[in-house]
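Below is the structure, and that's it, no one-letter string:
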């Protein structure tokens, strides 16, 4: 059957110089696909994580508030200097003075400027809370991964030890250790960090129990990979969501524990201070009507804990695959 132009070519024939319909788009798409690199995928996942985080308005507000607070505690005292370290310099300074232009939040029972004291104590509370939370997540992650991955008698012994430590109330254990060994700043960081990882270890252990039996982990072992390699490349990477989330909450827990110790009189020693110690001193003067020694630091403490918890919730959502764009 001839074509209508009389050339005798079949109607569905396309000459060699004429590309097949869609061939150009196919070639370009193949080229684009071949130029795709793993870094593009990582960047895409990173951008999707930021997009998921940005959907949580409370978390965004919490980041701004926490960032301003960190700047205020660590940078503002450099430019706005107040005496917070020498009791001798406070001789003659009015004590328990109400808020004024000279002292925006008044003075405390020792004559220290209350606003400067809050910023000075916040530096200690945030630093110690972050360092203790870091110790918590590192120790808990290592303990949980080893226990869950190796299993057997190793898991049994490690879990029974963990159960024994969980049977002791955390705050009581910290109080006993501080009472025996003292309350220096480095020791407070260590004791809070080393007594807060128990629940973290249980959570990471449950991840390790599941991940070690998945196909890619078994395939790595079958191909000759060491157990350490599987823990590092598979168990750790696929537990990152829980590690980051629990680590965020661990910082909040560490700040709370430090403040609880300070409120009980076992916190940082004078002339240094933390928010818990300030609450302890302020509540003793609250009955005299000196509200400015309690309410500002209390509100600030609650705001910090709530902000960290909101950020932790958003970090958990980032690693939730169902919230990712397809």
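Noted; the coordinates are in hand. Every value quoted in this text rests on a predicted model; they were computed, and no experiment measured them.

okay, CA-based contacts and neighbour counts for the rest of this
Fine.

how far does stretch 218-226 stretch from start to finish?
11 Å (Cα to Cα, to the nearest Å).

Identify each buried residue in it, please.
Buried residues in stretch 218-226, defined by neighbour count with 16 or more other Cα atoms under 10 Å: residue 220.

what sits up against that stretch?
212, 227, 230 (Cα atoms under 8 Å, 6 or more residues apart in numbering).

Next: stretch 165-183.
Counting by Cα under 8 Å, 6+ apart, 188, 191-192, 195-196, 198, 257, 261, 266-269 sit against stretch 165-183.

for it, the distance to its chain's centre please.
24 Å (Cα atoms, centre = their mean, to the nearest Å).

What of stretch 264-274?
Stretch 264-274 has its average C-alpha position 25 Å from the chain's average C-alpha position, going by Cα atoms, centre = their mean.

Same question for stretch 298-313.
Stretch 298-313 has its C-alpha centroid displaced from the chain centroid by 12 Å (Cα atoms, centre = their mean).

Can you classify the nearest residue to residue 227 once chain neighbours are set aside as helix, strand or coil?
Nearest residue to residue 227 in three dimensions, chain neighbours excluded: residue 221, at 7.2 Å (Cα to Cα, 6 or more residues apart in numbering). At residue 221 the chain is in helix, as set by DSSP: H, G, I helix; E, B strand; the rest coil.

right, and the helix or strand after the strand or helix carrying residue 156?
Element membership of residue 156 [criterion: DSSP states H and E] is helix 152-166. For helix 152-166, the following helix or strand on the C-terminal side (DSSP H and E) is helix 170-181.

For the closest residue in space to residue 162 that isn't next to it in sequence, give me its contacts.
Excluding its sequence neighbours, the residue lying closest to residue 162 (Cα to Cα, 6+ apart) is residue 198, at 6.5 Å. Going by Cα under 8 Å, 6+ apart, residue 198 touches 140, 162, 165-166.

closest to residue 307 among these?
Ranked by distance to residue 307 (Cα to Cα), these are led by residue 140 at 23.4 Å.

from memory the closest one sits against residue 197, does it?
Yes. Contact status for residue 140 versus residue 197: in contact at 4.7 Å, counting by Cα atoms under 8 Å.

in stretch 66-84, what's buried?
Neighbour-count burial for stretch 66-84 [16+ other Cα under 10 Å]: 66, 69-70, 72-74, 84.

mind listing the strands for the stretch 201-326 of the chain?
Applying DSSP state E, counting those that start in this stretch to the stretch 201-326 of the chain gives no strands.

residue ranges with poor pLDDT in it?
Filtered on pLDDT under 70, the stretch 201-326 of the chain yields the residue ranges 320-326.

make it 50
For the stretch 201-326 of the chain, the stretches with pLDDT under 50 are 326.

and what of the stretch 1-150 of the chain?
1-42.

Could I get the full set of helices for it?
23-34, 38-55, 57-74, 76-79, 114-150 (DSSP state H, counting those that start in this stretch).

Where do the helices of the stretch 201-326 of the chain begin and end?
Counting by DSSP H, counting those that start in this stretch, the helices of the stretch 201-326 of the chain are 215-222, 227-230, 236-238, 240-263, 275-286, 295-318.
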